[in-house]
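Asker: got a sequence here, can you build the structure:
(one chain, ligands or ions: 2)
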Amino acid sequence: MVLESVSPYVWWGLGLYISVPVLFYVVVPFLFYGDRATKKRIIICVLGDIGHSPRMCYHAQSFSNLGWQVELCGYVSDEKAPADIESNPNITIHGLTNYKAPEGQSFVKTAIWKVAIQMVSIVKVLWRLRGSDYFLLQNPPSIPILPIASIYCVLCRCKLIIDWHNLGFSILQLKLGSFWNPLVLVSFLIEYAFSKFATYHLTVTNAMKTYLSETFGLPSGRIEVLYDRPAAQFRPLKGNRTEALQQDFIRQYVPADFDVKQSDRILVTSTSFTPDEDLGILIGALKIYENSHKKFDQALPRILCFITGKGPLKQQIVEQVKAEKWDRVHIEFLWLSSDDYPKLLQLCDFGVSLHTSSSGLDLPMKILDMFGSGLPVIAYNYPVLNELVQHNVNGLKFLDRRELHEALIFVTKDKHVSEVLKTGALTESRNRWQSSWEKSMEKLSLIRR
Ligand SMILES: *[C@@H]1O[C@H](CO)[C@@H](O)[C@H](O)[C@H]1NC(C)=O
Ligand SMILES: *[C@@H]1O[C@H](CO)[C@@H](O)[C@H](O)[C@H]1NC(C)=O
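Answerer: Residues are numbered from 1 along each chain as shown. Ligands and ions are numbered 1, 2, ... in the order given. This next block holds a predicted model:
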């Protein structure tokens, strides 16, 4: 036979000749790129409920508008993703597995289980999504997602973008008490070390940018500040306020003789009734307002104050309010659906924020929603708040109940002040996500217009 006389080297050569293209055109692309299309593909990942991560949803929307293939990863268990994300053909949602600890399990054991289960589920999803161009990650949480994302990006030659909402270790530090707690230290080191794998960084404040470049030593040219913006449903009221106050969800809570056409004022604050928000300041200030009315100024306008939300300290605060005698001030506790809350904000005159921050580097989302609805905000002051609330322009700031009381007197008595603040808040309400997003992304050269 002729074939038998052919030297084995020829067979080897032939085998190699056939397998090299197979290796490089089939196996390697399969391993590194999976089923990617020709479109630009970005993974957007948050270790939290997608439905509770508005900023990540905005990112997904904005990239999808440009025709990118968006892979949105997060939990879908508790709260569904917004409808416009679910129905968007350019966005695919990948649910990650969440771990629910049994009652009474220790913090450390829960943490270990949680991290292990998250790791498996993230790696599974990333295997399907290999070959993406960009990986946009919300931080915190950073464990275990940040190290995994870094390795993925090195292997797939994908560019990592970290969106810094806060510092993971500072939140843990608040929970565990000390920076020198081993868990806090590990968390700090992970954020410190793996942040260097990212090509770009986004931050929610300028103070956070400064922190990252000074403490973490990240190059400031690659860090871009992208402020949060209010969601689309938060818009100023158009139309007749007296009529709007007659809507079913709110009518029963407005006292019959309350008159917004006169100078009566409606305040609103939303809270999760946790120890880091001292509602006592607000109740105290309203109490002083009562006294001022009784002792000095019978002409002080009436105040209706809505406190929305629920949380661990709610009962205590409700009791505290009940124990006092109120005459000029009326306080209502509400728990509203996510459809009714924006409608409530539209009806109010001023928002109050008692938020404080674990790192001192982030800004409260609820102020943005108030601005979006055109409400000036009276806010508890802390250093970075300057980046959002300008005193006497779009709001007022206070540090204790006396200052808050003074602010209340200002906005109820002084027509000029309230008009200036209203104008400032309306200007703020026109400042929306898409335009600031485009600016930041252009600066990082991710998109071109
Ligand atoms: C999806 O991408 C296409 C381009 O591939 C774009 O024309 C379209 O507007 C995008 N759709 C949405 C809902 O963003
Ligand atoms: C708003 O509606 C009320 C009652 O329907 C009416 O009395 C009032 O004049 C209206 N105000 C404006 C500014 O149209």
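
Asker: hey, let's count contacts and neighbours off CA atoms from now on
Answerer: Will do.

Asker: same for the longest strand anywhere in the chain, what does it pack against?
Answerer: Ranked by residue count and defined by DSSP state E, the top strand of the chain is strand 41-49. With contacts taken as 3 or more Cα pairs under 8 Å, 6 or more residues apart in numbering; DSSP states H and E, strand 41-49 sits against helix 54-65, strand 69-75, strand 134-139.

Asker: try it again at 6 Å.
Answerer: Applying 3 or more Cα pairs under 6 Å, 6 or more residues apart in numbering; DSSP states H and E, one finds that strand 41-49 makes contact with strand 69-75, strand 134-139.

Asker: what's the average pLDDT for the helix or strand that the last one is followed by?
Answerer: To tie it back to what came earlier, the one meant is strand 134-139. Following strand 134-139 in sequence order, the next helix or strand is helix 145-156 (DSSP states H and E). The average pLDDT within helix 145-156 is 91.

Asker: same question for stretch 238-249.
Answerer: Rounded mean pLDDT across stretch 238-249 is 89.

Asker: as PDB, could you dump the C-alpha coordinates of it?
Answerer: Provided in PDB are the C-alpha atoms of stretch 238-249 (Å, rounded to 0.1, in the frame of the first residue of the first chain):
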ATOM      1  CA  LYS A 238     -47.200  70.600  36.700                       C
ATOM      2  CA  GLY A 239     -50.700  71.800  37.300                       C
ATOM      3  CA  ASN A 240     -52.900  72.700  40.200                       C
ATOM      4  CA  ARG A 241     -51.500  71.900  43.700                       C
ATOM      5  CA  THR A 242     -54.700  72.400  45.500                       C
ATOM      6  CA  GLU A 243     -56.300  69.800  43.300                       C
ATOM      7  CA  ALA A 244     -53.200  67.500  43.500                       C
ATOM      8  CA  LEU A 245     -53.600  67.500  47.300                       C
ATOM      9  CA  GLN A 246     -57.000  65.900  46.800                       C
ATOM     10  CA  GLN A 247     -55.500  62.700  45.400                       C
ATOM     11  CA  ASP A 248     -56.700  59.500  47.100                       C
ATOM     12  CA  PHE A 249     -53.400  58.400  48.500                       C
END
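
Asker: list the buried residues of that stretch.
Answerer: By neighbour count on 16 or more other Cα atoms under 10 Å, the buried set for stretch 238-249 is 244-245.

Asker: is it positioned near ligand 2?
Answerer: Yes: applying Cα under 6 Å from any ligand atom, one finds stretch 238-249 touching ligand 2 at 240, 242-243.

Asker: how many residues are close by Leu388?
Answerer: 18 (other Cα atoms under 10 Å).

Asker: now it. Its backbone dihedrals?
Answerer: Dihedral pair for Leu388: phi -120, psi -50, per degrees, to the nearest 10.

Asker: near ligand 1, which residues of the protein are found?
Answerer: Near ligand 1, when you scan the chain using Cα under 6 Å from any ligand atom, you find 64-65, 67, 88, 90.

Asker: now for these: which two are most distant?
Answerer: Gly67 and Asn88 (11.0 Å; Cα to Cα).

Asker: so Leu96 makes contact with Gly74?
Answerer: Yes: if you go by Cα atoms under 6 Å, Leu96 and Gly74 touch, sitting 5.3 Å apart.

Asker: related to what we said a few turns ago, who touches the longest strand of the chain?
Answerer: Strand 41-49 is touched from outside by 68-76, 132-138, with contacts defined as Cα atoms under 6 Å, 6 or more residues apart in numbering.

Asker: how many degrees apart are that strand and strand 69-75 in direction?
Answerer: Computed by axes from the mean of the first three to the mean of the last three Cα atoms, to 10 degrees, the angle separating strand 41-49 from strand 69-75 equals 20 degrees.

Asker: just checking: what are the partner strands of strand 41-49?
Answerer: Paired strands of strand 41-49, with direction, are strand 69-75 (parallel), strand 134-139 (parallel) (DSSP bridges).

Asker: mind checking how far it is from the chain centre?
Answerer: Strand 41-49 sits 13 Å away from the centroid of its parent chain (Cα atoms, centre = their mean, to the nearest Å).

Asker: alpha carbons only: can I get that strand in CSV?
Answerer: What follows is strand 41-49, C-alpha atoms only, in CSV (Å, rounded to 0.1, in the frame of the first residue of the first chain):
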residue,chain,number,x,y,z
ARG,A,41,-20.1,44.3,25.0
ILE,A,42,-20.1,45.6,28.6
ILE,A,43,-20.7,43.6,31.8
ILE,A,44,-22.4,45.8,34.4
CYS,A,45,-22.3,44.1,37.8
VAL,A,46,-23.6,44.8,41.3
LEU,A,47,-23.7,42.4,44.2
GLY,A,48,-27.1,43.7,45.2
ASP,A,49,-30.7,43.9,44.0
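
Asker: could you pull up the mean pLDDT of the host helix or strand of Phe169?
Answerer: Under the criterion of DSSP H and E, Phe169 resides in helix 168-176. In this model, helix 168-176 has an average pLDDT of 83.

Asker: and that helix with strand 134-139, angle?
Answerer: With the same axes, to 10 degrees defining the directions, helix 168-176 sits at 20 degrees from strand 134-139.

Asker: so which bits of helix 168-176 are buried?
Answerer: Quick answer for helix 168-176 (16+ other Cα under 10 Å): 168-173.

Asker: farthest-apart pair in these, please.
Answerer: Using Cα to Cα, the pair of the buried residues of helix 168-176 lying farthest apart is Gly168 and Gln173, separated by 8.6 Å.

Asker: close to ligand 2: what parts of this protein are there?
Answerer: Going by Cα under 6 Å from any ligand atom, the residues of the chain near ligand 2 are 240, 242-243.

Asker: appreciated, that's everything.
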